[in-house]
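*Asks:* here is my input; please provide its structure:
(one chain, ligands or ions: 1)
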Amino acid sequence: MTNPVYLALDFPRLETAEAVARKVRSHVGGLKLGMEFFYAHGHHGVHEIAKIGLPLFLDLKLHDIPNTVAGAMQAVHVLEPAIVTVHAAGGRAMMEDAKAAAGEHCKVVAVTVLTSLDERDMSATGVSGSPHDQALRLADLAHRAGLDGIVCSGHEVGAVHARWKDGFFVVPGLRPANGITADQKRTVTPRAARDAGASVLVVGRPISRAEDPVAAARAIEATL
Ligand code: C5P
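*Replies:* Now for the predicted structure:
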């Protein structure tokens, strides 16, 4: 079994991200680079991290008109990412064009409802109903648009997996048993998320900010 853990490299400095990734490279399956990293370090930064030799997840959360998102996908194509994120709220045509512009081996997955939004926040943007129902609605839309899967919490992955059997599900917000949760509120363990149908487990601080990142990554690997 390939290791489903993608380490979130949320560091402002390229050198720090690189050093942490090199340390744990044998104990994670891939590396996730987000907006902060990409806006700061661009293609050069991604090329440097790619030298470590693990699959890359570009968590860019693209959301614009279809033509612009397709252009952005084409622009990152040369980086050969394994996974790229877009916002499902961009609509079906945007997701279809994003998928069409992505490389053959690139999974395009949709962010549904940001976990930072509650029902009141959604209502203020004109969306009625619960975040859970909205997430399932957008998951169905992503599926119809031909995307590979969605990003969801460990609490939802079971329900989404039941409706989308061959979907590719990326689950962040994971904490090892007895781990410190920091600002993540609704956490599950990596093993529980995996058992509920997660394809990729995104883990950041429990590894990257651990006193001993290698031991932390090994401990998570051992539970899977
Ligand atoms: O450090 P931690 O394990 O909380 O990092 C989680 C990673 O997953 C971060 O890169 C964060 O941006 C991302 N993420 C998240 N919750 C979401 C979507 C993405 O924590 N709903």
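*Asks:* show me what the helix or strand hosting V24 packs onto, helices and strands only.
*Replies:* V24 belongs to helix 14-24 when assigned by DSSP states H and E. Helix 14-24 is packed against strand 5-8, helix 35-50, helix 205-208, helix 213-223, with contacts defined by 3 or more C-beta pairs under 8 Å, 6 or more residues apart in numbering; DSSP states H and E. For glycine as for every other residue, the C-beta is placed from the backbone atoms N, C-alpha and C.
*Asks:* what residues does the protein have near the ligand?
*Replies:* 8, 10, 34, 115, 151, 172-173, 184, 202-206 (C-beta under 6 Å from any ligand atom).
*Asks:* helix or strand next in line after the longest strand along the chain, which one?
*Replies:* Scanning the chain for the strand with the most residues, using DSSP state E, yields strand 56-62. For strand 56-62, the following helix or strand on the C-terminal side (DSSP H and E) is helix 66-77.
*Asks:* got the CA coordinates for whichever helix or strand comes after that next one in PDB?
*Replies:* Downstream of helix 66-77, the next assigned helix or strand under DSSP H and E is strand 83-87. The C-alpha trace of strand 83-87 is given here as PDB (Å, rounded to 0.1, in the frame of the first residue of the first chain):
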ATOM      1  CA  ILE A  83      -3.300  16.800  -7.300                       C
ATOM      2  CA  VAL A  84      -4.700  20.300  -7.800                       C
ATOM      3  CA  THR A  85      -7.700  21.900  -6.000                       C
ATOM      4  CA  VAL A  86     -10.400  24.200  -7.400                       C
ATOM      5  CA  HIS A  87     -13.500  25.600  -5.800                       C
END
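*Asks:* strands paired with strand 83-87, and their directions?
*Replies:* strand 56-62 (parallel), strand 107-111 (parallel) (DSSP bridges).
*Asks:* report the rounded mean pLDDT for the helix holding V24.
*Replies:* Helix 14-24 carries an average pLDDT of 97.
*Asks:* how big is the angle separating the longest strand of the chain from helix 66-77?
*Replies:* Strand 56-62 and helix 66-77 are oriented at 160 degrees to each other (axes from the mean of the first three to the mean of the last three C-alpha atoms, to 10 degrees).
*Asks:* quick one: residues contacting A72.
*Replies:* If you count contacts by C-beta atoms under 8 Å, 6 or more residues apart in numbering, A72 has them with 60, 62, 64.
*Asks:* many thanks, have a good one.
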